[in-house]
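Trainee: fold the stuff below for me.
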Amino acid sequence: MEFTSILDKKDSPFREKPRPAFFRDLNLDQVIERIRLDWGEEVSAFYSYFPADRDCSDYRREVLSDMKQNGLYPTLHNFSGVMKERREAAVRKGEAKSGLQKAVWHLREVGCYCKAFGQLSRRIGEMELKSRGMQAFRCYLQQYLTSEGFQKMQSDTAGLLKELEGLRLVLTYDEDRITVTEGETEGQYDAFLEKCFPGHGKSLVSPFLAQTGLVELEEALLKALRKRKPAFLSGAERFYAEYETYADAVLIRFAGEIGYYLSFYRFETRMRERGFAFSEPLIAEERFGLRGQTDKEVGMYARGLYDLALACSGKDVVANDMAIHPGERFLLLTGPNQGGKTTFARSMGQLVYFARMGLDVPAVSAAVYPFTDIVSHFAVEESVETGRGKLREELERLADIMAASMEDGAFLFVIMNELFTTAANFDACIMGKRVLEHFLNRGCRGIYVTHLSGLAGEDSRLVSLRAMLDGEGRRTFRIERNTEETRADTGSLVGKHGLTYRQLKERLA
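Mentor: Residues are numbered from 1 along each chain as shown. Next up, the predicted model:
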């Protein structure tokens, strides 16, 4: 079974592309920064591009499932910790000025490498792994660890490390003279320095731990070591020369990429502890839905969907349900200002993003179409620098988005938020209908947040939603389908406040 990456079953065409605009529009950059900070290491790049296709998304989803069900997380977390020690040893090696220091730090670096992958192989060898990625990696690792080259390197490393750990020297300071002898001592080198040279403890350190150039005492100590332990020191230097390039590229890639799953699993666990739901999404077999137990087509839906960026910020979160049934294409969302419309649109985009990335989604349950990409258009302020008006900025951005929908095989999820607000309502309505018609004709799905109430018309592919108010006219941040009942509720609310056409006409008369 061939293995090259735990993240990509095959090379992704998205890898070299810059982070797309929808990251900012959906506040995904905030979520990923939170994941990075929680994990404590740089993993942001792994979240910046989509897998190559649907199968690659499933490949990632299987690995995350293994991590949740087989106790794989603590094993990989421990592995990641040892590999972090390896990286720290490599940094120390780069900072060291003495050739012998470099050799010893290199020995420790290789020791961490052998330890990390050796322990990992023993532990996952006993696990019932179901994902294609982890199964292939386990086979690759076992073959590598049993190879003649690795076996020799591991043996050489273990022998030299054992000698290093057993190295004991006694330093005696008497009448401005330091004597170096072999033997056991209970004292510590740092304590010896502070006692004999008060105030210099920060600049006088162990020759094998120094991060900068050595002082005269340490240079002399290395010379004494070379006389008393010539076999070890020359062995360490030969080891450095022989194994200067020692790491397997595929294994090093695995060590970096596994942070993608570890960081998300840790983030998800912490968010669950705070009461936020996550679920593994169902993925539609076709663009028109998946078949349920009743043998009826089920479209895209989510129950208990919420804005993950808002949840990360600690602000109050209102979850909503969402559905795009078979035959439906776009949700048209209207309602009062600050009523939760943009937040709902963002939550839908986040749903599609995390499903496409092969990760769990922020919802109680969900089913998502296998979109190839996400495109978004959120309102921008007028550009003072370019001198272009807001409408022109919007049209230029829309041109790029509409062009993307015409690429071969493109199946886009489109998010448009408050287009054409600077245009007259009549013009905005005409332009909005033409934009919608373009995406509808290309089979896209999406959501359009708008202040215009007449875009849906009689087109069954367009579904009207509304951000709701309660009986007192207060925002509830609930999003519901704009059925006859909700329209009646809205009408009664308008009447309650004396704002119908007849009431206004009577009052103004």
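Trainee: and residue 74, what is it in contact with?
Mentor: Contacts for residue 74 (Cβ atoms under 8 Å, 6 or more residues apart in numbering) come out as none. In short, each C-beta sits where N, CA and C put it, glycine included.
Trainee: mind listing the strands for the stretch 301-450 of the chain?
Mentor: Along the stretch 301-450 of the chain, counting by DSSP state E, counting those that start in this stretch, strands occupy 320-324, 330-334, 365-368, 373-378, 412-417, 445-449.
Trainee: let's have those in TSV, adding distance to residue 275.
Mentor: As requested, those are arranged in TSV below (distance: least, Cβ to Cβ, whole Å):
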stretch	distance to residue 275
strand 320-324	16
strand 330-334	26
strand 365-368	16
strand 373-378	27
strand 412-417	27
strand 445-449	26
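Trainee: could you dump those strands into TSV and include mean neighbour count?
Mentor: TSV is the format used below for the strands of the stretch 301-450 of the chain (neighbours: other Cβ atoms under 10 Å):
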stretch	mean neighbour count
strand 320-324	20
strand 330-334	23
strand 365-368	22
strand 373-378	22
strand 412-417	24
strand 445-449	25
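Trainee: JSON lines please, covering the ones you listed and showing distance to residue 482 and mean pLDDT.
Mentor: JSON lines is the format used below for the strands of the stretch 301-450 of the chain (distance: least, Cβ to Cβ, whole Å; pLDDT from 0 to 100):
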{"stretch": "strand 320-324", "distance to residue 482": "14", "mean pLDDT": "96"}
{"stretch": "strand 330-334", "distance to residue 482": "8", "mean pLDDT": "95"}
{"stretch": "strand 365-368", "distance to residue 482": "22", "mean pLDDT": "96"}
{"stretch": "strand 373-378", "distance to residue 482": "22", "mean pLDDT": "92"}
{"stretch": "strand 412-417", "distance to residue 482": "18", "mean pLDDT": "94"}
{"stretch": "strand 445-449", "distance to residue 482": "13", "mean pLDDT": "96"}
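Trainee: out of those, nearest to residue 468?
Mentor: strand 320-324 (10.1 Å; Cβ to Cβ).
Trainee: tell me which helix or strand in this structure has the weakest average pLDDT.
Mentor: Counting by mean pLDDT, DSSP states H and E, the weakest-scoring helix or strand in the chain turns out to be helix 484-496, with a mean of 52.
Trainee: could you find the closest non-adjacent residue to residue 414?
Mentor: residue 446 (3.2 Å; Cβ to Cβ, 6 or more residues apart in numbering).
Trainee: point out where the stretch 1-150 of the chain drops to low pLDDT.
Mentor: Where the stretch 1-150 of the chain drops to pLDDT under 70, the residues are 1.
Trainee: go with 80
Mentor: 1, 13, 15-19, 70, 97-98 (pLDDT under 80).
Trainee: ranges for the helices of it?
Mentor: For the stretch 1-150 of the chain, the helices defined by DSSP state H, counting those that start in this stretch cover 22-25, 28-39, 54-69, 72-95, 99-124, 132-145, 148-165.
Trainee: repeat that for the stretch 301-450 of the chain.
Mentor: Using DSSP H, counting those that start in this stretch, helices in the stretch 301-450 of the chain cover 308-312, 341-356, 390-404, 425-441.
Trainee: which of those is buried the deepest?
Mentor: Highest mean neighbour count among the helices of the stretch 301-450 of the chain (mean count of other Cβ atoms under 10 Å): helix 341-356, with a mean of 25.
Trainee: quick one, that one and strand 330-334 angle?
Mentor: Orientation check (axes from the mean of the first three to the mean of the last three Cα atoms, to 10 degrees): helix 341-356 against strand 330-334 gives 150 degrees.
Trainee: which pLDDT value belongs to residue 184?
Mentor: Per-residue confidence (pLDDT) for residue 184: 61.
Trainee: try residue 278
Mentor: Residue 278 is given a pLDDT of 98.
Trainee: from residue 342, how far off is it?
Mentor: 22 Å (Cβ to Cβ, to the nearest Å).
Trainee: list the buried residues of stretch 88-104.
Mentor: Using 16 or more other Cβ atoms under 10 Å as the test for burial, stretch 88-104 gives 89-90, 92-93, 96, 98, 100-104.
Trainee: can you give the distance of it from its chain's centre?
Mentor: 32 Å (Cα atoms, centre = their mean, to the nearest Å).
Trainee: next: stretch 320-339.
Mentor: For stretch 320-339, the distance to the chain centre is 27 Å (Cα atoms, centre = their mean).
Trainee: residue 305 pairs with what?
Mentor: When assigned by DSSP bridges, residue 305 has beta-bridge partners residue 320.
Trainee: count the residues that sit near it.
Mentor: Residue 305 has 24 neighbours, counted by other Cβ atoms under 10 Å.
Trainee: who touches it in this structure?
Mentor: 319-322, 347-348, 351, 362-363, 366.
Trainee: and it, how far from residue 468?
Mentor: 16 Å.
Trainee: ok, residue 458 next?
Mentor: Taken as Cβ to Cβ, the span from residue 458 to residue 468 is 24 Å.
Trainee: out of these two, which sits in the more crowded spot?
Mentor: residue 468 (19 against 5).
Trainee: what's the offset of stretch 436-454 from the middle of its chain?
Mentor: On Cα atoms, centre = their mean, the centre of stretch 436-454 falls 29 Å from the chain's centre.
Trainee: er, stretch 52-60 actually
Mentor: Using Cα atoms, centre = their mean, the offset of stretch 52-60 from its chain centre is 16 Å.
Trainee: which residues sit against it?
Mentor: 7-14, 50-51, 131-133, 261, 283, 355-359, 370, 372.
Trainee: can you rerun that using 7 Å?
Mentor: 7-13, 51, 132-133, 283, 356-358, 370 (Cβ atoms under 7 Å, 6 or more residues apart in numbering).
Trainee: cool, stretch 452-459 as well?
Mentor: 332, 334, 425, 428-429, 432-433, 436, 462, 464.
Trainee: re the thing from before, filter the contacts of stretch 52-60 to the buried ones?
Mentor: Using 16+ other Cβ under 10 Å, the buried ones in those are 7-9, 12, 51, 132-133, 283, 356-358, 370.
Trainee: so, low pLDDT: which residues of the stretch 301-450 of the chain?
Mentor: In the stretch 301-450 of the chain, residues with pLDDT under 80: 379-391, 393, 420-426.
Trainee: and the gap between residue 68 and residue 130?
Mentor: Relative to residue 130, and taking Cβ to Cβ, residue 68 is found at 11 Å.
Trainee: and if you look at residue 52?
Mentor: 22 Å.
Trainee: higher neighbour count, these two?
Mentor: residue 52 (17 against 13).
Trainee: quick check: phi and psi at that one.
Mentor: Backbone geometry at residue 52, expressed as degrees, to the nearest 10, gives phi -60, psi -40.
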